[in-house]
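Colleague: Sequence first, then the predicted structure:
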Amino acid sequence: MQREFVEAPVRGVLKWIDQRLPVITWAYNELVVYPAPRNLNYWWNFGSLAGIMLTIQIVTGIVLVMHYTPHVNMAFDSVEGYIMRDVNWGWLIRYLHANGASMFFALVYIHIFRGLYYGSYKAPRELLWMIGVVILILMMATAFMGYVLPWGNMSYWAATVITNLFSAIPLVGDTLVTWLWGGFTVDNPTLQRFFSLHYLLPFVIFALVFLHILALHQVGSNNPLGIDLSKKDKIPFHPYYTIKDLFGLGVFLLVYGYFVFYAPTAFIEPVNFEPADPLKTPPHIVPEWYFLPFYAILRAITFDIFFIPAKLGGVIAMFGAIFVLFLLPWLDTSPVRSARFRPIYKQFFWILVLDVLVLGYIGGQPPEGWYVTIGQIATAYYFLHFLVILPILGKIERPLPLPKSLDEPVLGTAGAQAAK
Amino acid sequence: MMRALGMWEQQPKGGMMTATPSHGDADRGTRRDFLELVSWSTLAVGTAVALWPFIDSLNPSKEVLALASTEVDLEPIEVGQRVTVMWRGKPVFVAHRSQEEIEAARATPVDELRDPEPDEQRVQRPEWLIVIGICTHLGCVPVGQRSGEPRGDWGGWFCPCHGSHYDTAGRIRKGPAPRNLDLPPYTFVTDTLVRIG
């Protein structure tokens, strides 16, 4: 499956450069001529939106760093006092960044569920999918460390709780946590290394996004029908999808702008407007909304599993919930990609969506009574979906007949009827 | 609006163009040209507006601006004494000039100077010379504030970096500096209190 490359139509100095350093031809092939399926729907907007959001986070982040002070005595004041009040437009840049994290996760989660629905993880896109999972993991690490930087009381206790997860690891756990902290509790050394890594990781993500796109363009985009398309069913990326992505961007910016300008603290816990206090644990520690489903899975394991203590079990389950996605291309045994032609999988897909929403709700509730039981059932179902249902379903489900090309579903059936 | 856009129509469509004759020639552009122009202008203006907060955030913040003025008590500064105060992170030289220093500055023929400026223009009150203590060559701080330090050939200040000599009015007399020492904005609040900035 060799891609054909077209030379960029440039002359003069640009041509001279392009012959020695083919960046223009590269950009021309990836962003202009790239043959994209002509039937992509709006769910295919979210990849490019996520890329734009990453860029916004990097730009706002770089500017924030110019005003922020990574020291336990000054971090809180440099954010809530200096950036929010004294720096010109500091409030805007900070709220763009803080809400941007939430927007980024919302976009990426929709992007992931799009992939789940249309089978975008299946051959030949397994590596493309796995790079995406790595990006998700790095995003989580980056978001977590970024949340610590304002050094509010929830920042502090989130850092304490999350780093303590590693103490569950047998034998080396405590040593590892001391190493992560650079001390015997979350303190200034922790803040400074989190700051350094929070600046580094987005650029690693940026590089992985390039690999993600490279892998995507090598095999071509999936499409709502999930079938392999011939050349005549593809259209150049520019202007067709640049325009469509631009329109989607406009709609997205309305949502983003609503939060930044009208509800800027909607995603910020009130406790985080208090400076960090190592002597005062907030009564109810909750992570940011985008971590809630995983947090629910962590807390669902309240019992020892054979020789695995409950604490370690919860940590394994939480990380397992993400790592299971790496195996997804092989766990799903069905040769049909799109849920449109998989009537039973389609129902299980929506049950999984509901399950994750339930987990998210439970993750935000106190770990008591029925919440624990519901969280345990939802956790069990999550793994059941990936580890049991998908492998079996692929063998027994009878998919609907697949169209051979785009002309067939459009003109061969309903479209043809309407045309007459 | 549609009627206005009709002006850019190249080919008549339906009966509209016959009812409203086009004012322009065919080479005045099409509706597509117009839309393209509007789209690109909107994008350019939008980008500029979006960029501005980021650029402006690098300007001095309110905290920095709040430190923009400094008050100096002149009472303890004796005749002949020179004092350095900080204003906006820069050294400001406050010199209580003696009668000889004033006379030396005023006796200098203005046209001989590299940066011609009479002493009267450089001071509000003859006995108080207030200048920014940064050499106009490449930004070093000239010496001469403390007694015993070299004050250059004209008894003012001497920049040790590249050898610029300033006189008792802070004017450049010799060396590579292009301009006289700059003057900060200042006002006498009372006879013994001056506010710089």
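Modeller: Now that the structure is in, tell me what you want to look at.
Colleague: For the residue nearest to A:Ala300 when sequence neighbours are not counted, which residues are in contact?
Modeller: With sequence-adjacent residues excluded and distances taken as C-beta to C-beta, 6 or more residues apart in numbering or on different chains, A:Ala300 is closest to A:Thr379, at 4.0 Å. (Glycine included, C-beta is placed from N, CA and C.) Remark: with contacts taken as C-beta atoms under 8 Å, 6 or more residues apart in numbering or on different chains, A:Thr379 is in contact with A:296-297, A:300-301, A:317, A:359.
Colleague: measure A:Leu387 to chain B for me?
Modeller: 46 Å (C-beta to the nearest C-beta, to the nearest Å).
Colleague: circling back to that earlier point, can you say which helix or strand has the residue nearest to A:Ala300 in it?
Modeller: Assigned by DSSP states H and E, A:Thr379 belongs to helix A:369-384.
Colleague: And that helix, what's buried?
Modeller: For helix A:369-384, burial by neighbour count (16 or more other C-beta atoms under 10 Å in any protein chain shown) applies to A:371-372, A:374-376, A:378-379, A:381-382.
Colleague: From the contact counts, what lies against the next helix or strand after it?
Modeller: Counting by DSSP H and E, the next helix or strand C-terminal to helix A:369-384 is helix A:390-396. Other helices and strands packing on helix A:390-396, by 3 or more C-beta pairs under 8 Å, 6 or more residues apart in numbering or on different chains; DSSP states H and E, are helix A:310-331, helix A:343-363.
Colleague: which residues touch helix A:390-396?
Modeller: By C-beta under 8 Å, 6+ apart, helix A:390-396 touches A:328, A:331-335, A:344-345, A:348.
Colleague: One more: stretch B:113-131?
Modeller: By C-beta under 8 Å, 6+ apart, the list of residues contacting stretch B:113-131 from outside reads B:74, B:79, B:92-97, B:102, B:105-106, B:108, B:110, B:168-173, B:178-184, B:186, B:188, B:194, B:196.
Colleague: If any of these are buried, give me the ChimeraX selection for them.
Modeller: Here is the ChimeraX command that selects the buried residues among the contacts of stretch B:113-131 (16+ other C-beta under 10 Å):
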select /B:74,92,93,94,95,96,97,102,105,108,168,169,170,171,172,173,180,181,183,184,186,194,196
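Colleague: Sort out for me which of the contacts of stretch B:113-131 are in helices.
Modeller: Within the contacts of stretch B:113-131, residues falling in helices by DSSP state H are B:102, B:105-106.
Colleague: and of those, the nearest to A:Ile135?
Modeller: Distance from A:Ile135 was checked for each of the ones in helices among the contacts of stretch B:113-131 by C-beta to C-beta. The minimum falls on B:Ala105, at 69.6 Å.
Colleague: give me the number of residues near the residue lying closest to A:Met103 once chain neighbours are set aside?
Modeller: Nearest residue to A:Met103 in three dimensions, chain neighbours excluded: A:Tyr256, at 5.2 Å (C-beta to C-beta, 6+ apart). Neighbour count for A:Tyr256, taken as other C-beta atoms under 10 Å in any protein chain shown: 22.
Colleague: Which element, helix or strand, includes A:Tyr256?
Modeller: helix A:237-262.
Colleague: List the buried residues in that helix.
Modeller: Buried residues in helix A:237-262, counted by 16+ other C-beta under 10 Å: A:237, A:241, A:244-245, A:248-249, A:252-253, A:256, A:259-260.
Colleague: quick check: mean pLDDT across that helix?
Modeller: Helix A:237-262 shows a mean pLDDT of 96.
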